[in-house]
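Participant: Build the 3D model from these lines:
(chains A, B, C and D)
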Number of protein chains: 2
Amino acid sequence: MESFGFDLAHLRAFVAVFEAGHFGRAAGTLHLAQPALSKRIAVLERQLGVGLFERGSRGVRPTPAARVLYPKATDLLTRFGDAIAVTRAAGAGRAGRLRIWMWCSFCSPRPTRRCMRWHWIRSPSGCCCPTTTRWRRSSPWR
Amino acid sequence: MESFGFDLAHLRAFVAVFEAGHFGRAAGTLHLAQPALSKRIAVLERQLGVGLFERGSRGVRPTPAARVLYPKATDLLTRFGDAIAVTRAAGAGRAGRLRIWMWCSFCSPRPTRRCMRWHWIRSPSGCCCPTTTRWRRSSPWR
DNA sequence: TAAAAATACTCCATAGGTATTTTAT
DNA sequence: ATAAAATACCTATGGAGTATTTTTA
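Facilitator: Next comes the predicted model:
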């Protein structure tokens, strides 16, 4: 697990700029000065070896690479927050391991043997199916 | 998107300690001195408000909360690396958006209409199904 | 020429290193 | 008694701020 010279803080900055289309405003939402934000993005672009924004006098526009990165970045930030929440819950005794049948109602109306796995509550893994997906679970605790 | 007082670097440290069961050895694999690693873990535990390791004179043992966090952390680190790779590929013109049929051979032997979506190459989303999963894709580019 | 981002420069917080102490088996 | 982690302390890198310059539409 090597380091990449940047971290989620940089992705947080990237997301803010992407959404604002403007360094100044993004800096505001991050409670950060504009030059500090510029530097963070510069570090990110340098470490990636890829330009992320085209600068103009009316704000910035994302490059194709930025449009690739954006959904990944928001996903990572969400998952990061979730991981923290689950861990805290576990520390407070409000989460644990559970043996459950887990299947997707779009894939199949019934559970199959192969779907039975251990899961941590509040953390079902993703599914390939569209938004209609419904997860079901069967007890018991352990 | 608020900050949490720690970042992926801390999770990287956590994973190393979890896997080594030993601060000293984990510090070695991270090319870091033992006290620095101790401090990182201390920051993580403090920010989470949760103990992660029980210290002993023969190494450390993970707490239940740590066992919750571990798979999340490794998943995040993997996804982080993937996001970087895809973004770099996009910057180098080796990735882009593709309209494809995507389905899981375990769910169904044939694609269904609802499975057709835009995807970024090299970044298929996860699936609920076991390891037998095979992704198939149909052209064309766009 | 006007709005926006980059640069220059300073300061401080924090990360990391070495030496040492504390803890647990 | 011994192996391992925590603590104390120091140093240096880098992150953030203000002021200013450069860029682009």
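Participant: which stretches of chain A form helices?
Facilitator: Here chain A has its helices, by DSSP state H, at A:8-20, A:23-29, A:34-48, A:64-91.
Participant: among these, which is the most enclosed?
Facilitator: helix A:8-20 (a mean of 22; mean count of other CB atoms under 10 Å in any protein chain shown). For glycine as for every other residue, the C-beta is placed from the backbone atoms N, C-alpha and C.
Participant: Which strands and helices lie in contact with it?
Facilitator: Under the contact criterion of 3 or more CB pairs under 8 Å, 6 or more residues apart in numbering or on different chains; DSSP states H and E, helix A:8-20 touches helix A:23-29, helix A:34-48, strand A:59-62, helix A:64-91.
Participant: To DNA strand D, which of these lies closest?
Facilitator: Each of the helices and strands packed on helix A:8-20 has some distance to DNA strand D by CB to the nearest atom of the strand; the shortest is helix A:34-48, at 3.7 Å.
Participant: That closest one to helix A:64-91, inter-axis angle?
Facilitator: Counting by axes from the mean of the first three to the mean of the last three CA atoms, to 10 degrees, helix A:34-48 lies at 100 degrees to helix A:64-91.
Participant: Give the other helices and strands that helix A:34-48 contacts.
Facilitator: helix A:8-20, helix A:23-29, helix B:64-91.
Participant: and the angle for it with helix A:8-20?
Facilitator: Going by the same axes, to 10 degrees, helix A:34-48 is angled at 110 degrees with respect to helix A:8-20.
Participant: So what touches helix A:34-48?
Facilitator: A:4-6, A:9-11, A:13-14, A:16-17, A:23-24, A:26-27, A:30, A:51-53, A:65, B:84, B:87-88, B:91 (CB atoms under 8 Å, 6 or more residues apart in numbering or on different chains).
Participant: re earlier: could I get the helices of chain A as JSON lines with mean pLDDT?
Facilitator: What follows is the helices of chain A, written out as JSON lines (pLDDT from 0 to 100):
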{"stretch": "helix A:8-20", "mean pLDDT": "95"}
{"stretch": "helix A:23-29", "mean pLDDT": "94"}
{"stretch": "helix A:34-48", "mean pLDDT": "93"}
{"stretch": "helix A:64-91", "mean pLDDT": "91"}
